[in-house]
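1. model the following, please.
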Amino acid sequence: MLLYIHGFNSSPLSEKGTVTERFITDNYPELVFLQPQLPSSPKDAMTLLCNLVESAQSDGEELTFIGSSLGGYFASYLAEKYGGRAALINPAVTPFELFDEFIGPQHNPYTDEHYQVLPEHKCDVAEFNTQVIFNPDRFFVLLQSGDEVLDYRQAVQKYHCCKLLVEAGGDHSFIGYEKQLHSICQFLFLDK
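-> Numbers count the residues shown, from 1 in each chain. Alright, predicted model coming up:
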(Lines give C-alpha, C1' and ligand atoms only; values in the text may rest on other atoms or scores of the structure.)
Protein backbone atom coordinates (compact mmCIF):
# COMPACT_ATOMS: atom_id res chain seq x y z
CA MET A 1 0.00 0.00 0.00
CA LEU A 2 1.14 3.50 -0.83
CA LEU A 3 -0.48 6.16 1.35
CA TYR A 4 -0.16 9.73 0.08
CA ILE A 5 -0.63 12.28 2.88
CA HIS A 6 -1.33 15.86 1.89
CA GLY A 7 -0.39 18.94 3.89
CA PHE A 8 -2.23 21.60 5.87
CA ASN A 9 -5.15 23.18 4.00
CA SER A 10 -4.49 20.89 1.08
CA SER A 11 -6.14 17.93 -0.58
CA PRO A 12 -5.64 14.95 -2.90
CA LEU A 13 -6.76 17.48 -5.55
CA SER A 14 -3.56 19.51 -5.13
CA GLU A 15 -1.05 19.44 -7.96
CA LYS A 16 1.26 17.00 -6.11
CA GLY A 17 -1.71 14.81 -5.24
CA THR A 18 -2.99 14.58 -8.81
CA VAL A 19 0.50 14.15 -10.30
CA THR A 20 1.22 11.33 -7.82
CA GLU A 21 -2.07 9.57 -8.53
CA ARG A 22 -1.53 9.75 -12.29
CA PHE A 23 2.06 8.46 -11.98
CA ILE A 24 1.06 5.53 -9.76
CA THR A 25 -1.94 4.64 -11.94
CA ASP A 26 0.21 4.67 -15.08
CA ASN A 27 3.23 2.84 -13.65
CA TYR A 28 1.94 0.69 -10.78
CA PRO A 29 -1.69 -0.16 -11.59
CA GLU A 30 -1.64 -3.18 -9.25
CA LEU A 31 -0.60 -1.09 -6.24
CA VAL A 32 -3.12 -0.22 -3.55
CA PHE A 33 -2.91 3.58 -3.59
CA LEU A 34 -4.74 5.56 -0.93
CA GLN A 35 -4.98 9.32 -0.85
CA PRO A 36 -7.58 10.34 1.72
CA GLN A 37 -8.88 13.83 2.34
CA LEU A 38 -7.76 14.45 5.89
CA PRO A 39 -10.14 15.94 8.47
CA SER A 40 -9.15 19.40 9.65
CA SER A 41 -8.75 18.16 13.25
CA PRO A 42 -5.20 16.75 13.74
CA LYS A 43 -6.42 13.96 16.06
CA ASP A 44 -9.16 12.95 13.61
CA ALA A 45 -6.63 13.04 10.76
CA MET A 46 -4.23 10.74 12.62
CA THR A 47 -7.04 8.40 13.63
CA LEU A 48 -8.02 8.05 9.97
CA LEU A 49 -4.40 7.47 8.90
CA CYS A 50 -3.73 4.90 11.65
CA ASN A 51 -6.91 3.02 10.78
CA LEU A 52 -5.85 2.83 7.11
CA VAL A 53 -2.36 1.65 8.06
CA GLU A 54 -3.59 -0.94 10.55
CA SER A 55 -6.07 -2.28 8.00
CA ALA A 56 -3.30 -2.59 5.39
CA GLN A 57 -1.05 -4.31 7.94
CA SER A 58 -3.76 -6.82 8.82
CA ASP A 59 -4.04 -7.60 5.10
CA GLY A 60 -0.28 -8.26 5.00
CA GLU A 61 0.47 -5.28 2.76
CA GLU A 62 3.88 -3.62 2.74
CA LEU A 63 3.63 -0.03 3.98
CA THR A 64 4.93 2.95 2.03
CA PHE A 65 4.18 6.63 2.44
CA ILE A 66 4.58 9.91 0.61
CA GLY A 67 3.96 12.92 2.80
CA SER A 68 4.08 16.60 1.91
CA SER A 69 4.61 19.37 4.47
CA LEU A 70 2.35 18.54 7.46
CA GLY A 71 1.73 15.23 5.68
CA GLY A 72 5.48 14.59 5.88
CA TYR A 73 5.33 15.16 9.63
CA PHE A 74 2.46 12.65 9.88
CA ALA A 75 4.28 10.18 7.59
CA SER A 76 7.35 10.32 9.86
CA TYR A 77 5.22 9.32 12.83
CA LEU A 78 3.52 6.49 10.90
CA ALA A 79 6.75 5.04 9.47
CA GLU A 80 8.42 5.10 12.88
CA LYS A 81 5.39 3.58 14.62
CA TYR A 82 4.30 0.96 12.07
CA GLY A 83 7.33 0.42 9.84
CA GLY A 84 7.56 0.86 6.11
CA ARG A 85 9.34 3.50 4.09
CA ALA A 86 8.46 7.14 3.58
CA ALA A 87 9.33 9.86 1.09
CA LEU A 88 8.92 13.27 2.70
CA ILE A 89 8.47 16.35 0.50
CA ASN A 90 9.48 19.61 2.24
CA PRO A 91 8.26 18.10 5.53
CA ALA A 92 7.20 20.12 8.53
CA VAL A 93 9.56 19.38 11.42
CA THR A 94 7.88 21.16 14.35
CA PRO A 95 4.54 22.35 12.93
CA PHE A 96 3.09 22.87 16.41
CA GLU A 97 5.50 25.80 16.78
CA LEU A 98 3.74 27.49 13.84
CA PHE A 99 0.16 26.85 14.93
CA ASP A 100 -0.29 30.12 16.83
CA GLU A 101 -0.33 32.06 13.56
CA PHE A 102 -3.11 29.83 12.17
CA ILE A 103 -5.46 29.82 15.17
CA GLY A 104 -8.88 31.02 14.10
CA PRO A 105 -10.96 30.67 10.96
CA GLN A 106 -9.48 28.78 8.03
CA HIS A 107 -10.63 27.96 4.52
CA ASN A 108 -9.43 24.98 2.48
CA PRO A 109 -9.44 26.18 -1.15
CA TYR A 110 -9.53 22.61 -2.51
CA THR A 111 -12.54 21.41 -0.54
CA ASP A 112 -14.19 24.78 0.16
CA GLU A 113 -14.36 23.74 3.83
CA HIS A 114 -14.52 26.53 6.41
CA TYR A 115 -13.28 25.48 9.84
CA GLN A 116 -11.50 26.69 12.97
CA VAL A 117 -7.95 25.96 14.07
CA LEU A 118 -8.28 25.76 17.85
CA PRO A 119 -5.56 26.31 20.48
CA GLU A 120 -5.76 22.63 21.50
CA HIS A 121 -4.83 21.59 17.94
CA LYS A 122 -1.30 22.78 18.70
CA CYS A 123 -0.97 20.20 21.51
CA ASP A 124 -2.70 17.56 19.40
CA VAL A 125 -0.15 17.97 16.61
CA ALA A 126 2.74 17.91 19.10
CA GLU A 127 1.65 14.41 20.23
CA PHE A 128 2.83 13.01 16.88
CA ASN A 129 6.32 14.49 17.05
CA THR A 130 9.17 12.12 16.28
CA GLN A 131 11.95 14.06 17.99
CA VAL A 132 14.53 11.44 17.05
CA ILE A 133 14.50 9.33 13.92
CA PHE A 134 15.32 5.82 15.12
CA ASN A 135 15.07 4.21 11.67
CA PRO A 136 16.81 6.57 9.22
CA ASP A 137 16.91 3.91 6.50
CA ARG A 138 13.12 4.27 6.19
CA PHE A 139 13.23 7.88 4.97
CA PHE A 140 13.97 9.73 1.74
CA VAL A 141 13.66 13.46 2.39
CA LEU A 142 13.33 15.87 -0.52
CA LEU A 143 13.90 19.54 0.24
CA GLN A 144 14.17 22.80 -1.65
CA SER A 145 16.07 25.66 -0.04
CA GLY A 146 13.63 28.23 -1.45
CA ASP A 147 10.75 26.87 0.65
CA GLU A 148 8.94 30.06 1.71
CA VAL A 149 6.79 28.32 4.37
CA LEU A 150 9.23 26.09 6.24
CA ASP A 151 12.94 26.43 7.03
CA TYR A 152 14.49 23.52 5.12
CA ARG A 153 17.51 23.59 7.45
CA GLN A 154 15.35 22.20 10.27
CA ALA A 155 14.61 19.16 8.12
CA VAL A 156 18.28 18.78 7.16
CA GLN A 157 19.15 18.76 10.86
CA LYS A 158 16.42 16.31 11.88
CA TYR A 159 16.87 13.89 8.96
CA HIS A 160 20.65 14.24 8.52
CA CYS A 161 21.15 10.46 8.82
CA CYS A 162 18.48 9.72 6.19
CA LYS A 163 18.68 9.77 2.42
CA LEU A 164 18.49 13.47 1.55
CA LEU A 165 17.98 15.40 -1.66
CA VAL A 166 18.45 19.13 -1.14
CA GLU A 167 17.93 21.35 -4.17
CA ALA A 168 18.81 25.04 -4.28
CA GLY A 169 15.89 27.37 -4.93
CA GLY A 170 12.42 26.01 -5.55
CA ASP A 171 9.55 26.62 -3.17
CA HIS A 172 7.23 24.91 -0.70
CA SER A 173 5.35 23.11 -3.47
CA PHE A 174 8.65 21.47 -4.51
CA ILE A 175 9.13 22.63 -8.10
CA GLY A 176 9.81 19.69 -10.41
CA TYR A 177 8.25 17.16 -8.03
CA GLU A 178 6.99 15.04 -10.93
CA LYS A 179 10.61 14.49 -12.05
CA GLN A 180 11.39 12.90 -8.66
CA LEU A 181 8.60 10.32 -8.66
CA HIS A 182 10.67 7.59 -10.31
CA SER A 183 13.46 7.87 -7.70
CA ILE A 184 10.87 8.15 -4.93
CA CYS A 185 9.25 4.90 -6.06
CA GLN A 186 12.63 3.18 -6.37
CA PHE A 187 13.36 4.14 -2.77
CA LEU A 188 9.97 2.94 -1.58
CA PHE A 189 10.77 -0.47 -3.16
CA LEU A 190 7.85 -0.26 -5.54
CA ASP A 191 10.07 -1.56 -8.34
CA LYS A 192 10.39 -5.04 -6.84
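2. so who does Phe8 touch?
-> Residues in contact with Phe8 (C-beta atoms under 8 Å, 6 or more residues apart in numbering) are 69-70, 92, 95, 102. The C-beta positions use only the backbone N, C-alpha and C, and glycine is treated the same way.
3. nope, Ser58 is what I meant
-> Not one residue lies near Ser58 by C-beta under 8 Å, 6+ apart.
4. Val93 too?
-> Val93 makes contacts with 73, 150, 154-155, 157-158, as judged by C-beta under 8 Å, 6+ apart.
5. and the buried ones among those, selectable in ChimeraX?
-> The ChimeraX command for the buried members of the contacts of Val93 (criterion: 16 or more other C-beta atoms under 10 Å) is given here:
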select :73,150,155,158
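6. which pair in the contacts of Val93 spans the largest distance?
-> The two members of the contacts of Val93 with the most space between them (C-beta to C-beta) are Tyr73 and Gln157, at 14.7 Å.
7. what about the helices in the protein?
-> With DSSP state H as the definition, the chain shows helices at residue ranges 15-27, 42-58, 70-82, 119-126, 152-158, 177-187.
8. need those in a markdown table (columns: mean pLDDT).
-> As requested, these are exported to a markdown table (pLDDT from 0 to 100):
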| stretch | mean pLDDT |
| --- | --- |
| helix 15-27 | 97 |
| helix 42-58 | 98 |
| helix 70-82 | 98 |
| helix 119-126 | 96 |
| helix 152-158 | 97 |
| helix 177-187 | 97 |
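9. give me whichever of those helices is most buried.
-> Looking across these with neighbours counted as mean count of other C-beta atoms under 10 Å, the highest average goes to helix 70-82: a mean of 23.
10. which non-adjacent residue is nearest Ser10?
-> Distances taken as C-beta to C-beta, 6 or more residues apart in numbering place Tyr110 nearest to Ser10, at 6.4 Å, with adjacent residues excluded.
11. can you tell me how far that neighbour is from Asp44?
-> Separation of Tyr110 from Asp44 (C-beta to C-beta, to the nearest Å): 17 Å.
12. with Leu118 instead?
-> Separation of Leu118 from Asp44 (C-beta to C-beta) stands at 12 Å.
13. now Glu54
-> Separation of Glu54 from Asp44 (C-beta to C-beta): 16 Å.
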